[in-house]
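In: sequence and predicted structure, then a few things I'm wondering about:
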Amino acid sequence: MATEILSGKVHVNTTINGESTDFLAEPRESLLEVLRETLGLTGAKEGCNDGNCGACNVIMDGRLVNSCCVLAVEASGADVTTIEGIAGPSGLHPLQEKFLEHAALQCGVCTPGFLVSAKAMLDENPNPTEDEVRWWLAGNLCRCTGYDKIVRAVLDAAASMRGEG
Amino acid sequence: MAVETREEAVTIKHHSVDYSVVGTRPIRHDGVDKVTGAARYGADVSQPGQIYGAVTRSPHAHARIRSIDTSKAEALPGVHAVITSADLADPGEKVTGGGEATAVPLKHKSGNVMARGKALYHGHAVAAVAAIDAHTAGEAAALIDVDYEVLPPVMDVLEAMKPGATLLHDDLHTDIAGEASAEPSNVAAKFLFEEGDVEAGFAEAAVVVEREFTFATVHQGYIENHNALALWHGDGELTVWCSSQGHFTIRAEVADILDVPISKVKVIPTEIGGGFGGKTTCYLEPLAAALARKAGRPVKMTMARADILKATGPTPGGYVRVKMGVDSDGKLTAGEAYMAFEAGGYPGSVVAAGCMCVFAPYNLTNVKIEGDDVVVNRPKTHAYRAPGATQAEFASETVVDEICEQLGIDVLDFRTLNSAEEGTWRAGGPAYGRIGHKECVEAARGSEHWNSTLEKPAGTYRGRGVASGFWFNIGFTSSAIARLNPDGTVTLLEGSPDIGGTRSSIAMQFAETLGIGFDDVIPMVVDTDSVGYTDVTGGSRVTFATGYAAHEAANDMRKQMIEGMADVWDVAADSITYENATFTANGESATFKEAAHLLNEDTQQIIGKATVTPEKEGNAFAVHIADVEVDVETGKVTVLRYTAIQDAGVAIYPPYVEGQMQGGAVQGIGWAFNEEYFYDDDGRLRNATLLDYRMPTTLDVPMIETIIVEVPHPGSPFGVRGVGEVPIVPPPAALAIAIYDAVGIRYRDLPMSPHRVYAELAARQNGAEA
Ligand code: FES
Ligand code: FES
């Protein structure tokens, strides 16, 4: 992928939520900064900026990453899915529906990160146990819910995606 | 009494009212936006032409600021403005706070936003810059040269109170019942609550237990960073976007700190990503406004997590001593408590609330409670969920457990025998109305958890603990405006930021009042120009007080609609009845929706409104049961099972009541086991990251079982008590008691982190071997 330095900024071409996207970024800018401030995709949140809260999580080339710990220029040629890309054209993703049904959010600021993380888990493991869900989501902090309803929502979404719900 | 059991939650109702909307589990109004990333939180808002602010912070815990040289920062390309405290208004001796309950000297509020003369804690803001992007702003902030005279830091409450201690403020005198002490002191205020005759009470006692407790400074730990965006208009009007627990409070504080008329300031609330008491005051808002004024551009600011931990209000660490006496029948005869709480760099800890809560679950007529509010070189503390209660009741509940042990009385029987009930006078008053502590104890006694035996396989150390909790739940002022739409829906405007589903819990009370559907009400949290004054989202007050306002606004709407329909039908208003969401008079009838249409055709605008200041506190009680396992090799404690029982009054929106109970319990578990500010000898905070300031993750906690007890609050139209805060109160005590049950050691210092737990186990082991 061609990257060109323009007045200290680098031209990056990437795919975000299925759409080819171009942006200019300083080498020191994180993917999170560019998503939020340059591209206006504010669904990913900053909670710590150092990889400890998961609020900024996105899926990059099939891998769950903290977008605060990825440089924007590293997204060159990558395929990025953010919270804005989780719902399909036909409606909410089962995870989103189950989060609502189970009241798995209070303030909701951690919710995008949890949904993205949970989606990445279910992409790999469609039939997780409670322990596996807790293990996978341990990189996402939620200060409001105590996690109970989040874990239930993820297990229920997994069941419904397997056709058991 | 009716018991409802769902898969994971139980509700026990001590009333027979049955509502059609209240008590149901619909999807919250703002839900879809919050699961798709569309919801706009503070930092998600931008304005054309905005630039970015950054703050220069003190590297010292205590230092006199001799001078600030901003020239290098100003010279950096891309920098538009630099400010210091000189760019804020001279606070003089004014007070600020937006309401009586939160009034503080302006010099303290403004000084905390930006240091004046002295930096009082590590991370205290001393200057700020605005630049073309956040990175340039950060570079410029680092170029500001501050000449500090470093002073000895005063970090510990008990040290700070000693004669000869270094003073933080030369002009701070101890306030004792409104009188100022002659000499300046680090003790900002002394509180005393006294009822009955403590000495006589202790003389009657068969068992007296007196213990000392300490607890570390902990942070609310909301996941959303503080933020502000300020824009000045050509006519001198200021608009501020920010996430806060109360935009009317932010408006008042910004107006005072900048000395602009309050009518010129509009604060637009965004979604808020958690607060827990920590977002009831301003930090960045006045700085963004002062920078924007100087730069002539909108200025956006966000606070980095390290700065949040260093410089926004944690909740006080400190010291509590509790002494309680019981007679041979197990009846409490007297209670005495002393507590000293860290206020941080400026006065105003929550020690008085701690004093009023310490014995609140019990009927105790002989009490003496003293509290000291002490300034230290730590960030100015703020409310954190049931502020002061957790610290105080950690101490008293642990003592209660020890008393039960000495008397050989069951801990739930003790609580039934001694529980506060309607008419019991709480220290600091007033006497309780109808409350539900006894009912919570009953619910605990009947719970599956309490009645199941804790398995203790050989070689494991497991135990169970129970503790009660109390928090007032406040009223304060709330407003609501309801606009009838032509299609028969209602747009409900309110001024309470929604931190966890309160749009819906308020709308449900509105809908119930008029007999309309959940989806017929469209709740919106609106700016300071668009609704009447509303106090902060705090004190567990929103579903109670703003819900009350919504109920009154609904009544106002019904009255106006009846009058309107009287015109439409040309009948007397008093001949119209409204039942089952239908207006009827003389053979005419119209549903609510039809009436809305008719009134609109008739060009009638129906706008119901109300402002309420309900007097009666909700008085929330909780009882928690915890099972733990202690790893004696490492000192790590694992929670095996946890049940939270709480009197919610009437649970308006049960899934979110359960959520508050679960979330509060888990914050309490974090407080009990992990969370702690580590300061070095120079008063620098050494764990200002979310890796080192470790809050519970999914792996640290089990499912949290809930039992909602419903003893309706007589001061609310629907019996709401408020639910947000009390669930954080019992966990530290319940867990300390469970650990004692497991290993036979009483832990009286928070947090009970592995190294502390292990140290006592090792000391006992060494003692036994010696
Ligand atoms: S903001 Fe990226 S992990 Fe917290
Ligand atoms: S819902 Fe608030 S942090 Fe998770």
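Out: Everything's here; your move. Ligands and ions are numbered 1, 2, ... in the order given.
In: not counting residues beside it along the chain, what's closest to residue B:494?
Out: residue B:480 (5.1 Å; CB to CB, 6 or more residues apart in numbering or on different chains). All C-beta spots, glycine's among them, are computed from the backbone N, C-alpha and C.
In: try residue A:39
Out: In this structure, residue A:39 finds its nearest non-sequential neighbour in residue A:23, 6.2 Å apart by CB to CB, 6+ apart.
In: from the chain's centroid, how far away is the helix or strand containing the one you found?
Out: Residue A:23 belongs to strand A:19-25 when assigned by DSSP states H and E. Distance, stretch centre to chain centre, for strand A:19-25: 18 Å (CA atoms, centre = their mean, to the nearest Å).
In: which residues sit against that strand?
Out: Contacts to strand A:19-25, defined as CB atoms under 8 Å, 6 or more residues apart in numbering or on different chains, come from residues A:6, A:9-15, A:34, A:38-39, A:72-73.
In: could you point out the helix or strand that follows the lowest-mean-pLDDT helix or strand in chain A?
Out: Sorting the helices and strands of chain A by mean pLDDT, DSSP states H and E puts strand A:5-6 at the bottom, at a mean of 49. Next along the chain after strand A:5-6, taking DSSP H and E as the criterion, comes strand A:9-16.
In: ok, that next one: who's next to it in the sheet?
Out: Strand A:9-16 has the following sheet partners, assigned by DSSP bridges: strand A:5-6 (antiparallel), strand A:19-25 (antiparallel), strand A:79-81 (parallel).
In: distance to residue B:550 and mean neighbour count for those - can I get that in JSON lines?
Out: Shown next, in JSON lines, are those (distance: least, CB to CB, whole Å; neighbours: other CB atoms under 10 Å in any protein chain shown):
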{"stretch": "strand A:5-6", "distance to residue B:550": "54", "mean neighbour count": "10"}
{"stretch": "strand A:19-25", "distance to residue B:550": "42", "mean neighbour count": "14"}
{"stretch": "strand A:79-81", "distance to residue B:550": "39", "mean neighbour count": "19"}
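In: pLDDT weak spots in chain A?
Out: A:1-7, A:165 (pLDDT under 70).
In: give me the sheet partners of the helix or strand where residue B:320 lies and which way each runs.
Out: Assessed by DSSP H and E, residue B:320 sits inside strand B:318-326. Strand B:318-326 has the following sheet partners, assigned by DSSP bridges: strand B:207-215 (antiparallel), strand B:332-344 (antiparallel).
In: please identify the buried residues of that strand?
Out: Neighbour counts over strand B:318-326 (16 or more other CB atoms under 10 Å in any protein chain shown) mark B:318, B:319, B:320, B:321, B:322, B:323, B:324, B:325, B:326 as buried.
In: and the residue of the stretch 301-450 of chain B nearest ligand 1?
Out: residue B:305 (7.7 Å; CB to the nearest ligand atom).
In: quick one, domains of the chain?
Out: Using chain A here. Domain ranges of chain A: A:2-84, A:94-161, per automatic domain parsing.
In: should've been chain B
Out: B:433-472+B:618-770, B:475-612.
In: can you redo these as a markdown table with mean pLDDT, distance to residue B:20 and mean neighbour count?
Out: Shown next, in a markdown table, are the domains of chain B (pLDDT from 0 to 100; distance: least, CB to CB, whole Å; neighbours: other CB atoms under 10 Å in any protein chain shown):
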| stretch | mean pLDDT | distance to residue B:20 | mean neighbour count |
| --- | --- | --- | --- |
| domain B:433-472+B:618-770 | 97 | 12 | 22 |
| domain B:475-612 | 97 | 7 | 21 |
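In: neighbours around the residue in chain B positioned nearest to ligand 2, how many?
Out: Residue of chain B nearest ligand 2, by CB to the nearest ligand atom: residue B:223 (4.2 Å). Residues lying near residue B:223 (other CB atoms under 10 Å in any protein chain shown) number 27.
In: show me how far stretch B:47-54 is from its chain's centre.
Out: 31 Å.
In: can you redo the strands paired with strand A:9-16 as TSV with distance to residue B:631?
Out: TSV is the format used below for these (distance: least, CB to CB, whole Å):
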stretch	distance to residue B:631
strand A:5-6	54
strand A:19-25	47
strand A:79-81	40
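In: nearest to ligand 1, of those strands?
Out: Here strand A:79-81 is closest among the strands paired with strand A:9-16 (CB to the nearest ligand atom), at 14.5 Å.
In: so how far is the very next helix or strand once past the closest one from its chain's centroid?
Out: As assigned by DSSP H and E, the chain's next helix or strand after strand A:79-81 is helix A:94-101. The chain centroid and the centroid of helix A:94-101 are separated by 16 Å, computed with CA atoms, centre = their mean.
In: repeat that for stretch B:632-641.
Out: Relative to its chain's centre, stretch B:632-641 lies at 29 Å (CA atoms, centre = their mean).
In: show me the contacts for residue B:481.
Out: B:492, B:493, B:494, B:530, B:531, B:532, B:553, B:607, B:608, B:609.
In: separation between the nearest residue to it once chain neighbours are set aside and residue B:514?
Out: In space, and not counting its chain neighbours, residue B:481 is closest to residue B:493: 4.3 Å by CB to CB, 6+ apart. Residue B:493 sits 16 Å away from residue B:514, taking CB to CB, to the nearest Å as the criterion.
In: residue B:399 too?
Out: Residue B:399 is 50 Å from residue B:514, by CB to CB.
In: if we can go back for a sec, which stretch among the strands paired with strand A:9-16 comes nearest residue A:143?
Out: strand A:79-81 (25.2 Å; CB to CB).
In: just the residues contacting the closest one, thanks.
Out: Under CB under 8 Å, 6+ apart, the answer for strand A:79-81 is A:14, A:15, A:16, A:17, A:31, A:58, A:59, A:60, A:61, A:62, A:116, A:119.
In: just give the nearest non-adjacent residue to the fourth one, would you?
Out: Pointing back at residue A:17 there. Distances taken as CB to CB, 6+ apart place residue A:85 nearest to residue A:17, at 2.9 Å, with adjacent residues excluded.
In: thinking that neighbour is in contact with residue A:15, fair?
Out: No: using CB atoms under 8 Å as the test, residue A:85 is too far from residue A:15 to be in contact (10.1 Å).
In: quick one, which of these two is more surrounded?
Out: Taking neighbours as other CB under 10 Å, residue A:85 and residue A:15 compare with residue A:85 leading, 21 against 15.
In: what residues are up against the more buried one?
Out: A:16, A:17, A:18.
In: circling back: isn't the residue of the stretch 301-450 of chain B closest to ligand 1 right up against residue B:689?
Out: Yes: judged on CB under 8 Å, residue B:305 makes contact with residue B:689 at a distance of 6.6 Å.
In: put together JSON lines for the buried residues of strand B:318-326, with pLDDT and distance to residue B:681 on each row.
Out: Formatted as JSON lines, those follow (pLDDT from 0 to 100; distance: CB to CB, whole Å):
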{"residue": "B:318", "pLDDT": "97", "distance to residue B:681": "20"}
{"residue": "B:319", "pLDDT": "98", "distance to residue B:681": "20"}
{"residue": "B:320", "pLDDT": "98", "distance to residue B:681": "25"}
{"residue": "B:321", "pLDDT": "98", "distance to residue B:681": "27"}
{"residue": "B:322", "pLDDT": "98", "distance to residue B:681": "31"}
{"residue": "B:323", "pLDDT": "98", "distance to residue B:681": "33"}
{"residue": "B:324", "pLDDT": "98", "distance to residue B:681": "37"}
{"residue": "B:325", "pLDDT": "98", "distance to residue B:681": "41"}
{"residue": "B:326", "pLDDT": "98", "distance to residue B:681": "43"}
